[in-house]
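In: structural data only, the sequence is not supplied:
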């Protein structure tokens, strides 16, 4: 890595400004700063590793993308208990969309750390997201999965992954479902009854019929709650059809 | 999780045969066996969790798929230094293809652990791969990323991920390139010269020209080696075009 040392020597060997800036973005001390230097090395510099292969951040994007995908998947798996695997996949692709990654990279102003041989105007629109992915790749190489996860929670999940927002800010699933049934000329009916069973607290059970078929059941401590839960469940079941309207 | 306890009680509560079989497949002791029980619970049983959401392995597939993708990505990143991100993506999709996952699940005979309410003949062809993914999802929940990685190295990477095979068993990149150039009526020329420089050992440098343009350079201790390295580099550059022939 003699090439990269020369390129970055002005910042990493002297007063450690790059190191300190990375530490501030990452929230921890880098162990091996060269991974991060690579994450900001643009192909236009034409650098090569000792084995002759190109030295730039592009391969790190592949690695970072995979780690981001895994961490977001694990988070959604826990956070969205009602979503089936198709729904989780769709939610994940919203979180890791090119547009969102570009926003994340842009907000951290990652562009200012890039070393390149072309004017910054010539970078494509996706450079922000690419740098963000490459940075995650560098974290994996430097510190492994756990630190990737910490970073992604701090910079992606905690500030931006609002499950309700991702689900389209649906406040009442019942109203969405009723509206959809009206449009589609489907019948919609709740069959709600007290079902306290062995519980000490009063409980209600509900069956939701659409076009005369039971599409969801639920049980809760109030009629309203039970109906909303049943509506949410059947919303998931019909989601593709509802969202295509 | 009362439902699952009942279904699995015969094997997990008595003599622990399921536990021992899992331990043998996994190569470590499960901490929380219920994750693995879930990984073999088919939707046809119609089980529900206490919150009313379905209890079966389908969501675990989503999680396992993400972890598999991340572990394979990290492995290929290290193992295929010459591949750019497009190439790595393509290699990964070969490793995690539906066909390959089905083979992996089938080899471990995961089907015999499934609890279902339908005859085994009615499972789709992809059940083997789905169970394999779900098992990885269960490992993540039980033991985290590091154990997923260990398991995937043991069951996928070590026995099956042969980089050369994935690259199509190309023995001589030079011969592949020459053949391609002949078919495509492109000129192919090596410019090879001694370039020992400051090295104590004799070195050769080579420039590879296709249609009169330099497409790759290399340097090695023999002409033959240098030419092969340059050929390999330009093979990567032209790969999509070559493989579409």
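Out: Everything's here; your move. A quick note: this is a predicted structure, and the numbers were derived from the prediction, not measured.

In: need the helix or strand of chain A with the lowest average pLDDT.
Out: helix A:2-12 (a mean of 52; mean pLDDT, DSSP states H and E).

In: what distance separates the start and the end of stretch A:41-55?
Out: 7 Å (C-alpha to C-alpha, to the nearest Å).

In: all strands for chain A, in order.
Out: Under the criterion DSSP state E, chain A carries strands at the ranges A:188-194, A:204-210, A:213-220.

In: can you lay out those as a markdown table showing mean pLDDT, distance to residue B:144 and mean neighbour count?
Out: Placement of C-beta: from N, CA and C, glycine included. Below are those laid out as a markdown table (pLDDT from 0 to 100; distance: least, C-beta to C-beta, whole Å; neighbours: other C-beta atoms under 10 Å in any protein chain shown):
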| stretch | mean pLDDT | distance to residue B:144 | mean neighbour count |
| --- | --- | --- | --- |
| strand A:188-194 | 89 | 42 | 14 |
| strand A:204-210 | 93 | 38 | 19 |
| strand A:213-220 | 90 | 33 | 17 |
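
In: and chain B, which of these is closest to it?
Out: strand A:213-220 (5.8 Å; C-beta to the nearest C-beta).

In: partners of that closest one, with directions?
Out: Applying DSSP bridges, strand A:213-220 is found paired with strand A:204-210 (antiparallel).

In: between strand A:188-194 and the strand it pairs with, find me the angle.
Out: With axes from the mean of the first three to the mean of the last three C-alpha atoms, to 10 degrees applied, the angle from strand A:204-210 to strand A:188-194 works out at 160 degrees.

In: what sits up against strand A:204-210?
Out: If you take C-beta atoms under 8 Å, 6 or more residues apart in numbering or on different chains as the criterion, strand A:204-210 is touched by A:177, A:181, A:186-195, A:214-223, A:225-227, A:229-231, A:233-234, A:238.

In: same question for stretch A:108-119.
Out: By C-beta under 8 Å, 6+ apart, stretch A:108-119 touches A:7-8, A:18, A:21, A:25, A:40-42, A:44-46, A:105, A:120, A:123, A:127-128, A:131-132, A:135, A:155.

In: middle-most residue in chain A, spatially?
Out: When C-alpha atoms, centre = their mean is applied to chain A, the residue found nearest the centroid is residue A:95 (3.4 Å).

In: residues touching it, list them.
Out: Contact partners of residue A:95, counting by C-beta under 8 Å, 6+ apart, are A:72, A:76, A:156, A:160-161, A:166.

In: tell me the confidence at it?
Out: If you check residue A:95, the pLDDT there is 92.

In: ditto for residue A:198
Out: At residue A:198, the predicted lDDT confidence score is 81.

In: got CSV for the strands of chain A, with distance to residue B:140 too?
Out: Formatted as CSV, the strands of chain A follow (distance: least, C-beta to C-beta, whole Å):
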stretch, distance to residue B:140
strand A:188-194, 38
strand A:204-210, 34
strand A:213-220, 29
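
In: please pick the buried ones from the contacts of residue A:95.
Out: Of the members of these, the ones counted as buried by neighbours, 16 or more other C-beta atoms under 10 Å in any protein chain shown, are A:72, A:76, A:156, A:161, A:166.

In: would you turn the contacts of residue A:95 into CSV with pLDDT?
Out: Shown next, in CSV, are the contacts of residue A:95 (pLDDT from 0 to 100):
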residue, pLDDT
A:72, 97
A:76, 96
A:156, 94
A:160, 86
A:161, 85
A:166, 77
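
In: restricted to helices, list those residues.
Out: A:72, A:76, A:160, A:166 (DSSP state H).

In: and the two most separated of those residues?
Out: Pairwise distances across the ones in helices among the contacts of residue A:95 peak at 13.0 Å for A:76 and A:160 (criterion: C-beta to C-beta).

In: distance of residue A:216 from residue A:227?
Out: Residue A:216 sits 10 Å away from residue A:227, going by C-beta to C-beta, to the nearest Å.

In: how about residue A:103: what's its closest non-neighbour residue?
Out: In space, and not counting its chain neighbours, residue A:103 is closest to residue A:128: 7.4 Å by C-beta to C-beta, 6 or more residues apart in numbering or on different chains.

In: just residue A:141 next, same as before
Out: Nearest to residue A:141 is residue A:35, by C-beta to C-beta, 6+ apart, at 4.7 Å.

In: what of residue A:25?
Out: Computed as C-beta to C-beta, 6+ apart, the closest residue to residue A:25 that is not its neighbour in sequence is residue A:108, at 5.8 Å.

In: buried ones among the contacts of stretch A:108-119?
Out: Using 16+ other C-beta under 10 Å as the burial test, the contacts of stretch A:108-119 include A:7-8, A:18, A:25, A:40-42, A:45, A:105, A:123, A:127-128, A:131-132, A:135, A:155 as buried.

In: what residues are up against residue A:167?
Out: A:80, A:91.

In: who in chain A is up against chain B?
Out: Applying C-beta under 8 Å from any C-beta of the partner chain, we find that chain A lies next to chain B at A:49, A:51-54, A:58-59, A:61-63, A:65-67, A:69-70, A:72-74, A:77, A:81-85, A:88-89, A:92, A:137, A:140, A:145-146, A:149, A:217-219, A:229, A:233.

In: write the PyMOL selection for whichever of those residues are buried.
Out: Applied in PyMOL, the following selects the buried portion of the residues of chain A next to chain B according to 16+ other C-beta under 10 Å:
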select buried, chain A and resi 52+53+54+58+59+61+62+63+65+66+67+69+70+72+73+74+77+82+83+84+85+88+92+137+140+145+149+217+218+219+229+233
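
In: which of the residues of chain A next to chain B fall within helices?
Out: Checking these against DSSP H, those in helices are A:58-59, A:61-63, A:65-67, A:69-70, A:72-74, A:77, A:85, A:88-89, A:92, A:137, A:140, A:145-146, A:149, A:229, A:233.

In: give me the number of neighbouring residues for residue A:115.
Out: 16 (other C-beta atoms under 10 Å in any protein chain shown).

In: verify the stated contact: residue A:126 with residue A:102.
Out: Yes. Using C-beta atoms under 8 Å, residue A:126 makes contact with residue A:102 at a distance of 6.2 Å.

In: so where is chain A shaky, pLDDT-wise?
Out: Counting by pLDDT under 70, the ranges of chain A that qualify are A:1-15, A:168-171, A:243-245.

In: okay, now the domains of it?
Out: Domain segmentation of chain A under automatic domain parsing yields A:2-166, A:173-243.

In: more crowded one of residue A:126 and residue A:102?
Out: The residue with more neighbours, out of residue A:126 and residue A:102, is residue A:102; 18 against 15, by other C-beta under 10 Å.

In: check contacts around the more buried one.
Out: A:125-126, A:128-129, A:132.

In: nearest to residue A:173, of those residues?
Out: Closest approach between these and residue A:173, by C-beta to C-beta: residue A:129, at 32.5 Å.

In: gap between the closest one and chain B?
Out: From residue A:129 across to chain B, the span is 13 Å (C-beta to the nearest C-beta, to the nearest Å).

In: was I right to think that residue contacts residue A:123?
Out: No. Using C-beta under 8 Å, residue A:129 is not in contact with residue A:123, being 11.4 Å away.
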